[in-house]
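S.K.: quick check, what structure comes out for this input:
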Amino acid sequence: MLEPKDLQKIGEEFGKVIEQNITPQFDSLHQKVESLNQRVGRIEAEMVTKSYLDDKLAELEGGLITKLRKEDTKLNHLVDILKQRKVLTEQDAKQLAEFQIFPKTS
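M.R.: Purely as a prediction, here's the structure:
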């Protein structure tokens, strides 16, 4: 049977083994986890969210539609002027109307 003094000595030796071998590994692991947490935090801060992307795409689509409508209006107006001045035939005007993005509702 072991004496209390022997058990104390075993406990001290076991504590030294833990302190020398296991604790440094946990410290190293803790540092790696902290570094990973910082990197993930930075990525999350810079990451584009779906709602942000949806909003920006909707703005872009709206801007493009506005510009396309203006260009379409210009083309329609130009075709009308050229048709009135008899530079374009009715058939030419119909062919150009096929290129319209937003058809006239008249």
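S.K.: how close does the residue positioned nearest the centre of the chain sit to Phe26?
M.R.: Among the residues of the chain, the one closest to the centroid is Val48, at 3.6 Å (CA atoms, centre = their mean). Counting by CB to CB, to the nearest Å, the gap from Val48 to Phe26 is 36 Å. (C-beta placed from N, C-alpha, C; glycine too.)
S.K.: where do the domain boundaries of the chain fall?
M.R.: As given by automatic domain parsing, the domain ranges for the chain are 1-47, 49-106.
S.K.: okay, the ones you listed in JSON lines with mean neighbour count and mean pLDDT next?
M.R.: Output for the domains of the chain, formatted as JSON lines (neighbours: other CB atoms under 10 Å; pLDDT from 0 to 100):
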{"stretch": "domain 1-47", "mean neighbour count": "10", "mean pLDDT": "88"}
{"stretch": "domain 49-106", "mean neighbour count": "11", "mean pLDDT": "90"}
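S.K.: not counting its neighbours along the chain, what's nearest Leu82?
M.R.: Excluding the flanking residues, the one nearest Leu82 by CB to CB, 6 or more residues apart in numbering is Leu88, at 4.4 Å.
S.K.: now do Asn21 against Gln8, distance only.
M.R.: Counting by CB to CB, the gap from Asn21 to Gln8 is 21 Å.
S.K.: with just CA atoms, put the one helix or strand Gly41 maps to into CSV.
M.R.: According to DSSP states H and E, Gly41 maps onto helix 23-46. Output in CSV follows, covering the C-alpha atoms of helix 23-46 (Å, rounded to 0.1, in the frame of the first residue of the first chain):
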residue,chain,number,x,y,z
THR,A,23,-0.5,22.9,-20.6
PRO,A,24,1.8,24.3,-23.4
GLN,A,25,-0.3,22.4,-26.0
PHE,A,26,-3.5,24.0,-24.6
ASP,A,27,-1.8,27.4,-24.7
SER,A,28,-0.8,26.9,-28.3
LEU,A,29,-4.3,25.7,-29.2
HIS,A,30,-5.8,28.7,-27.4
GLN,A,31,-3.6,31.1,-29.5
LYS,A,32,-4.6,29.3,-32.7
VAL,A,33,-8.3,29.6,-31.8
GLU,A,34,-7.9,33.3,-31.0
SER,A,35,-6.2,33.9,-34.3
LEU,A,36,-8.9,32.0,-36.1
ASN,A,37,-11.6,34.0,-34.3
GLN,A,38,-10.0,37.3,-35.3
ARG,A,39,-9.8,36.1,-39.0
VAL,A,40,-13.4,35.0,-39.0
GLY,A,41,-14.5,38.3,-37.4
ARG,A,42,-12.6,40.3,-40.1
ILE,A,43,-14.2,38.1,-42.9
GLU,A,44,-17.7,38.6,-41.4
ALA,A,45,-17.1,42.4,-41.3
GLU,A,46,-16.0,42.5,-44.9
